[in-house]
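*Asks:* Structure for the following, please:
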Amino acid sequence: MKVLRRPALLTGVLAVLMGAGAPVEAGTATETTGPLVRYAGLDGCFCAPWTLWTWDGQVIKLTDARVFTDKTGKQRAPLALSPDGRHVAYFRRGDGALAIRNMSTGRVREVPGVRWSRRLRSTRIDLAPTGRYLVLGSEQDEQVLDARSGKSTVVPPGLQPWSFSPGAKLMLAVDGEFGAGIYSTVTLAEKGRAPIGGALSPDGTTVAHFTSDDSAISLWDVAAGRSGGRQPIPLPAAKIPVRLRWDGAGHLDLQMVLPGKAGNGADAVYSWYRLDLGSGTAQPVDTFTVPGTVHNPIVAGLSP
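*Replies:* Residues are numbered from 1 along each chain as shown. All right, here's what the predicted structure looks like:
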């Protein structure tokens, strides 16, 4: 889903330090198995096809994915990655089906009742964890779509889906002032409120968010309606916070980028930290270089 801070989205794409690996084509359901996607983009130019870079160093050409909305090549068709990089959603070339590819199994699921058309040219796709739900966003409305049944639920006007719990049972949506509500993904019944959008914990009881000056992380206790009783966790210095992410085990991870290194075709350096909520410390766990040669980059878990 979204970058979990209010400033404009930092564009960039992660490059695996271990190397690019050998290109592989993924045009059918059985050709791609195992690897999780780190990022996607157009490699070196704005031409087809979409390319996937995986955590184990592979470079995969996604030959069955639609790249542009029309023949002019000026606007790219939507593509989304799940937060863990296990699923890729895109409109398929040829039949126009909305497809979700499971990278672990290689299987491709068609979302019932959704086909590419001219009215979808400005549509945005966000893919929830587990690949079960998608958000189709446009200027007209925001819809939560069940990928198995094709059932679509329109999000109430004025709300925008922002993040999901790791199991995708709950969804956090923000209003125009960035105030947040927590909803059942299936029914959109409200389950709680938070003063600011952020990352939703597995059980939906905690929202992790950046402070207004982006210097620390606060935890909001949804049931109590207040901060979680601990001091904000300070962020590592000299880097810009990009996003927060809970995993299914309840770990909270932080992504940061070196300032002045993202956008405008330049490289950037991204770092992941795991937060110790007891001690308030951030332990570095991974670092990536972001090449500026990849166009329209989409990082796993982030909207382009």
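*Asks:* Format the CA atom coordinates belonging to stretch 181-192 as PDB.
*Replies:* Coordinates of the C-alpha atoms in stretch 181-192 are reproduced here as PDB (Å, rounded to 0.1, in the frame of the first residue of the first chain):
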ATOM      1  CA  GLY A 181     -10.500   4.700  10.600                       C
ATOM      2  CA  ILE A 182     -10.000   0.900  10.900                       C
ATOM      3  CA  TYR A 183     -12.500  -1.300   9.000                       C
ATOM      4  CA  SER A 184     -13.200  -4.900   8.300                       C
ATOM      5  CA  THR A 185     -11.900  -5.600   4.800                       C
ATOM      6  CA  VAL A 186     -14.900  -7.800   4.000                       C
ATOM      7  CA  THR A 187     -17.700  -5.700   5.300                       C
ATOM      8  CA  LEU A 188     -16.100  -2.200   5.800                       C
ATOM      9  CA  ALA A 189     -17.700  -2.100   9.300                       C
ATOM     10  CA  GLU A 190     -15.700   0.300  11.400                       C
ATOM     11  CA  LYS A 191     -13.600  -1.300  14.100                       C
ATOM     12  CA  GLY A 192     -11.800   1.700  15.600                       C
END
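*Asks:* Now it: buried residues?
*Replies:* Using 16 or more other CB atoms under 10 Å as the test for burial, stretch 181-192 gives 181-183, 185-186, 188, 191-192. Any C-beta I mention is one placed from the backbone N, CA and C, and that applies to glycine too.
*Asks:* What average pLDDT does stretch 212-223 get?
*Replies:* Averaging pLDDT along stretch 212-223 yields 92.
*Asks:* ok, residues contacting that stretch?
*Replies:* With CB atoms under 8 Å, 6 or more residues apart in numbering as the test, stretch 212-223 has contacts from 5, 7, 182, 191-196, 198, 204-211, 226-230, 232-235, 240-241, 244, 252, 254, 275, 277.
*Asks:* One more: stretch 183-191?
*Replies:* If you take CB under 8 Å, 6+ apart as the criterion, stretch 183-191 is touched by 128, 133, 144, 146, 153, 155-156, 164, 168-173, 181-182, 204, 222.
*Asks:* ok, 7 Å please
*Replies:* Contact with stretch 183-191 is made by 133, 144, 153, 155, 164, 168-171, 173, 181-182, 204, as judged by CB atoms under 7 Å, 6 or more residues apart in numbering.
*Asks:* worst-scoring helix or strand of this structure, pLDDT-wise?
*Replies:* Ranking every helix and strand in the chain by mean pLDDT, DSSP states H and E puts strand 23-25 at the bottom, with a mean of 52.
*Asks:* need the next SSE after that one, C-terminal direction.
*Replies:* Remark: after strand 23-25, the chain's next helix or strand is strand 37-43, criterion DSSP states H and E.
*Asks:* Can you give the strand pairings for that next one, parallel or anti for each?
*Replies:* Strands that pair with strand 37-43, judged by DSSP bridges, come out as strand 50-54 (antiparallel), strand 294-299 (antiparallel).
*Asks:* Which one of the ones you listed lies nearest to residue 72?
*Replies:* Of all the strands paired with strand 37-43, strand 294-299 sits nearest to residue 72, with 15.3 Å by CB to CB.
*Asks:* Surely residue 257 is in contact with residue 241?
*Replies:* No: counting by CB atoms under 7 Å, residue 257 does not reach residue 241; the two are 8.4 Å apart.
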